[in-house]
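In: I need the structure of the sequence given here:
(one chain, ligands or ions: 1)
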Amino acid sequence: MRVVSTAVVFCSIAVAQTAGIDLGAIDRGISPCNDFYQSACGLWMKNNPIPGDQARWGRFDELALRNRETLKAILEGAGVEKPGRTANQKLIGDQYATCMDEPGIEKKGLTGLQPTLDRIAKGSGKTWLAEEVARLHATGVSVLFRLGPTQDSKDSKKTIANLGQAGLTLPDRDYYLKTDAKSEELKVKYLAHVQRIFALLGHDADRAAAEAKAVMAFETGLAKVAADRVTLRDPQKRYNTVTLAQLGQTASGFGWDTYLKGVKVGETSFNTASPAYLNGMSALLTATPEADVKNYLTWRAVKDAATLLPKAFVAEDFAFSETTLRGVKEQAPRWRQCVVMVDRQLGEALGKEYVERTFGEEGKQRTLKMVGEIEASMEKDVQSLEWMSDTTKKQALEKLHKMANKIGYPEKWRDYSSVKIVRGDLVGNDQRVSAFAFQRQLGKIGHPPDNSEWGMTPPTVNAYYNAAANDINFPAGILQPPFYFKGGDDAANYGAIGAVVGHELTHGFDDSGRQYDGDGNLREWWTEEDAKQFKERADCIVQEYAAFKVTADTNQNGKLTLGENGADNGGVRLAFMALMDAIAKLDAAGGKSMPAVADFTPQQRFFLAYGQVWCQNISEEAARLQALTNPHSLGRYRVNGVVQNMPEFQKAFGCQAGQPMVSEKGCRIW
Ligand SMILES: [Zn+2]
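Out: Model prediction:
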């Protein structure tokens, strides 16, 4: 358990004059110019090994755990059946108590899931399959593809229907398709895992082995026709229309009409990132014996519910999904699994309670001020760019001025009053919550988008930019140490939360975001020459990060991580400019600059605060998984990749040409 050490870290920060950077994390034996990450985080990494129940442990994760402890207290209180609970408290409390009742779950066995398994076992025929897929989707089981709403990229005032690829169990198509030793080893382990789950359903060894083989073959077939992640990042490639009539011709192996009737969607045209996937999936259905397709559906239904089932299922799911894939050694305490579940299912009901207890007006105002300052930096930055024409600059500034921001929590909370939570029925509750979420999503199609809605729950330690809405979003969960120190060192606040604000803002102008205009429409607003200049600069970043090693046989994927790396580079620069402005204002007001703290200048503290946000230890398995699937680079490269591009950093620490933290190329877009 990390509870004690987490509390100590935050207490010591709260009382120290240096509230901001963690002096105890710094390894003074390492030169910042040789390896800044190791210098800023060396002792932290040494003193904070990965707990057995985590795949990664960083200062970021400490904060996430602290938020979960707050949520635990809320849910424990709400779970006690007593008069006076609000409808909201009853909802989240009953679901949490149901999740915590492990003896009750054992006793219930497979009762909750059995009707689904029976339906699949008995069903037959193309019509049945389409109806069954509709039923599975409506209860949150991901098979074959995904139907949902999306903002029309070329008319952001419209919400249209979208068909996406889905239904793979392994984290990425590459896990099925790659043939290196590690990938082959994982495939063998996956096959054994599927077989063991079928055995837990009571199937004898031969049958379970055959079923597992069929699942593997079918999912490999889906992986072969799936688009890769780099392609899916490209907004132009993601924008394709298919009509129902076309699907009837090119993807006739699936009963689209029947399916749409089943989910009560009357649309006749859809956006899809990958028409080839829908066609390939359909061909695969035609070519696969029905019994094998049914094995796949059964597998997906059980896998989806595994964490809600008796211990034997939970343990088997953990052994593969957490230990094999992510390197986690032991299961997290039950309460944490249950907190995560309620946050995922009923996030705004729980988030409302969280915000009432933790988030003050002060935090909101302070963040707003920071956002304003960083937007001003971006304006200055754009105007100063030598490579960009005035025409494109004008458009960029227009987009910047139209950017909206949302801070803390939604103004209007989601209404869960139609969701029925039954104490003691974990699987049933999950199906009803999933049905509510699915209907709510489908209900958006055909209506103007509601941009006041949030894509993250309030306790989340994260932030995001939404290109279709052109807004930046900062949940309450991130507006705390080590990102934001209330009443703490300004230099550190600019380096931490300031860099996060700058990061999200820069997403509006990264390789993907730049293709959208200020109204959220995919439209070319760049001159040809400026677009060319942008791409050259972006390529520099692609090459830089592609050289970073993650494991012995895996590097960062420079193209997959380009958007995030670009946002990190731009974000830190913008936050640094804002810090310089703040210092200049202080100097002008009283002739007194920000003081040095613990012999670090404000500039040095800025970079240390940025670096220390990313202090982390990560298992080899999780690092590999992140490199293959996640658009974010590892913490080490989010720090060193940025500072080696910044003369401001090199000046702050007196680094000389030729040292590792002084990049010869000095990649810079914004
Ligand atoms: Zn990002």
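In: show me where pLDDT drops low in the stretch 451-600 of the chain?
Out: Within the stretch 451-600 of the chain, the set of residues satisfying pLDDT under 70 comprises 591-593.
In: tell me which residues touch whichever residue of the stretch 1-150 of the chain sits closest to the ion, please.
Out: Of all residues in the stretch 1-150 of the chain, F60 sits closest to the ion, at 13.3 Å by Cβ to the ion. Just so you know, the C-beta spots here come from the backbone N, C-alpha and C atoms, and that holds for glycine as well. Residues near F60 by Cβ atoms under 8 Å, 6 or more residues apart in numbering: 461, 482, 613-614, 616.
In: the residues you listed in helices, which ones?
Out: Using DSSP state H, the members of the contacts of F60 that fall in helices are V613.
In: near the ion, which of the contacts of F60 show up?
Out: Among the contacts of F60, no residue is within reach of the ion (Cβ under 5 Å from the ion).
In: which secondary structure elements does the lengthiest helix in the chain sit against?
Out: Secondary structure assigned by DSSP H gives helix 562-590 as the longest helix of the chain. Packing contacts for helix 562-590, counted by 3 or more Cβ pairs under 8 Å, 6 or more residues apart in numbering; DSSP states H and E, involve helix 361-384, helix 490-493, helix 499-507, helix 528-546, helix 602-613, helix 635-643.
In: get me the contact residues on the protein for the ion.
Out: Contacts of the chain with the ion, taken as Cβ under 5 Å from the ion, map to 564, 567.
In: what residue ranges in the chain score low on pLDDT?
Out: By pLDDT under 70, the low-scoring segments of the chain are 1-18, 591-593.
In: quick one: the strands in it?
Out: Per DSSP state E, the chain carries strands over the ranges 56-58, 145-151, 159-165, 241-243, 269-272, 404-408, 464-466, 471-475, 549-551, 554-555, 616-618.
In: save the ones you listed as CSV, and put in distance to R344 and mean neighbour count too.
Out: Formatted as CSV, those follow (distance: least, Cβ to Cβ, whole Å; neighbours: other Cβ atoms under 10 Å):
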stretch, distance to R344, mean neighbour count
strand 56-58, 19, 21
strand 145-151, 16, 20
strand 159-165, 19, 21
strand 241-243, 31, 14
strand 269-272, 26, 20
strand 404-408, 20, 19
strand 464-466, 16, 21
strand 471-475, 14, 24
strand 549-551, 28, 16
strand 554-555, 29, 15
strand 616-618, 23, 21
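In: now those strands in a markdown table, with distance to L562?
Out: A markdown table is the format used below for these (distance: least, Cβ to Cβ, whole Å):
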| stretch | distance to L562 |
| --- | --- |
| strand 56-58 | 22 |
| strand 145-151 | 22 |
| strand 159-165 | 22 |
| strand 241-243 | 27 |
| strand 269-272 | 23 |
| strand 404-408 | 24 |
| strand 464-466 | 15 |
| strand 471-475 | 19 |
| strand 549-551 | 16 |
| strand 554-555 | 14 |
| strand 616-618 | 21 |
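In: what's the closest non-adjacent residue to P458?
Out: G351 (3.5 Å; Cβ to Cβ, 6 or more residues apart in numbering).
In: swap in K213?
Out: Leaving aside its sequence neighbours, K213 sits nearest to L191 (Cβ to Cβ, 6+ apart; 7.1 Å).
In: list the contacts for whichever residue of the stretch 201-350 of the chain sits closest to the ion?
Out: Nearest residue of the stretch 201-350 of the chain to the ion (Cβ to the ion) works out as R233 at 12.0 Å. Contact partners of R233, counting by Cβ under 8 Å, 6+ apart, are 512, 559-560, 563, 631.
In: if we go to 7 Å?
Out: Counting by Cβ atoms under 7 Å, 6 or more residues apart in numbering, R233 touches 512, 563.
In: ditto for the one 3 residues further on
Out: When contacts are counted by Cβ under 7 Å, 6+ apart, Q236 is found next to Q515.
In: how far away is it from S153?
Out: Using Cβ to Cβ, to the nearest Å, one obtains 9 Å as the distance from Q236 to S153.
In: next one: F607
Out: F607 sits 37 Å away from S153, going by Cβ to Cβ.
In: between the two, which has more neighbouring residues?
Out: For F607 versus S153, neighbours defined as other Cβ atoms under 10 Å are more numerous around F607 (28 against 21).
In: what sits closest to the more buried one if chain neighbours are left out?
Out: Distances taken as Cβ to Cβ, 6+ apart put F649 closest to F607, at 5.5 Å, once the chain neighbours are dropped.
In: just V194 next, same as before
Out: In this structure, V194 finds its nearest non-sequential neighbour in A212, 3.9 Å apart by Cβ to Cβ, 6+ apart.
In: OK, contacts around that neighbour?
Out: Counted by Cβ under 7 Å, 6+ apart, A212 has contacts 191, 194-195, 198.
In: the same query, at a cut-off of 10 Å, please.
Out: Going by Cβ atoms under 10 Å, 6 or more residues apart in numbering, A212 touches 190-199, 203, 295, 299.
In: next one: L75
Out: The contact partners of L75, taken as Cβ under 10 Å, 6+ apart, are 68, 89, 92-93, 95-97, 99-100, 335, 338-339, 342-343, 350, 353.
In: again, only this time at 6 Å
Out: L75 makes contact with Y96, according to Cβ atoms under 6 Å, 6 or more residues apart in numbering.
In: what's the neighbour count on D450?
Out: Using other Cβ under 10 Å, D450 has 10 neighbouring residues.
In: look up how far A463 lies from the nearest residue to R537 once chain neighbours are set aside.
Out: In space, and not counting its chain neighbours, R537 is closest to I669: 4.4 Å by Cβ to Cβ, 6+ apart. Look at I669 and A463: by Cβ to Cβ, they are 20 Å apart.
In: more neighbours, those two?
Out: For I669 and A463, the more surrounded residue by other Cβ under 10 Å is I669, and the numbers stand at 26 against 22.
In: hang on, the more buried one packs against D539?
Out: No: with contact defined as Cβ atoms under 6 Å, I669 does not reach D539; the gap is 10.1 Å.
In: show me where the stretch 301-450 of the chain has its helices.
Out: With DSSP state H, counting those that start in this stretch as the definition, the stretch 301-450 of the chain shows helices at residue ranges 311-317, 325-326, 334-345, 347-358, 361-384, 390-402, 426-442.
In: those into a markdown table, with extra columns for mean neighbour count?
Out: As requested, those are exported to a markdown table (neighbours: other Cβ atoms under 10 Å):
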| stretch | mean neighbour count |
| --- | --- |
| helix 311-317 | 16 |
| helix 325-326 | 20 |
| helix 334-345 | 19 |
| helix 347-358 | 21 |
| helix 361-384 | 17 |
| helix 390-402 | 16 |
| helix 426-442 | 19 |
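In: which of those sits closest to K303?
Out: Proximity to K303, assessed across the helices of the stretch 301-450 of the chain by Cβ to Cβ, is greatest for helix 311-317 (7.3 Å).
In: out of the contacts of F60, flag the one nearest to P475.
Out: V461 (7.8 Å).
In: so who does that closest one touch?
Out: Applying Cβ under 6 Å, 6+ apart, we find V461 in contact with 63-64, 477-478.
In: out of these, which sit inside helices?
Out: Among these, the residues falling in helices (DSSP H) are 63-64.
In: put the buried members of the contacts of V461 into a ChimeraX selection.
Out: Only the buried entries of those go into this ChimeraX selection, using 16 or more other Cβ atoms under 10 Å:
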select :63,64,477,478
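In: which two in the contacts of V461 are spaced the farthest apart?
Out: Pairwise distances among the contacts of V461 were taken by Cβ to Cβ; the largest, 9.5 Å, belongs to A64 and I478.
In: in stretch 452-463, what's buried?
Out: For stretch 452-463, using 16+ other Cβ under 10 Å, the buried residues are 454, 456-461, 463.
In: what's the closest of these to the ion?
Out: Using Cβ to the ion, those come closest to the ion at A463, 7.7 Å.
In: what sits closest to that closest one if chain neighbours are left out?
Out: Counting by Cβ to Cβ, 6+ apart, F474 is the residue found nearest to A463 once chain neighbours are left out, at 4.8 Å.
In: and that neighbour, how close does it get to H503?
Out: 11 Å.
In: with G518 instead?
Out: Taken as Cβ to Cβ, the span from G518 to H503 is 19 Å.
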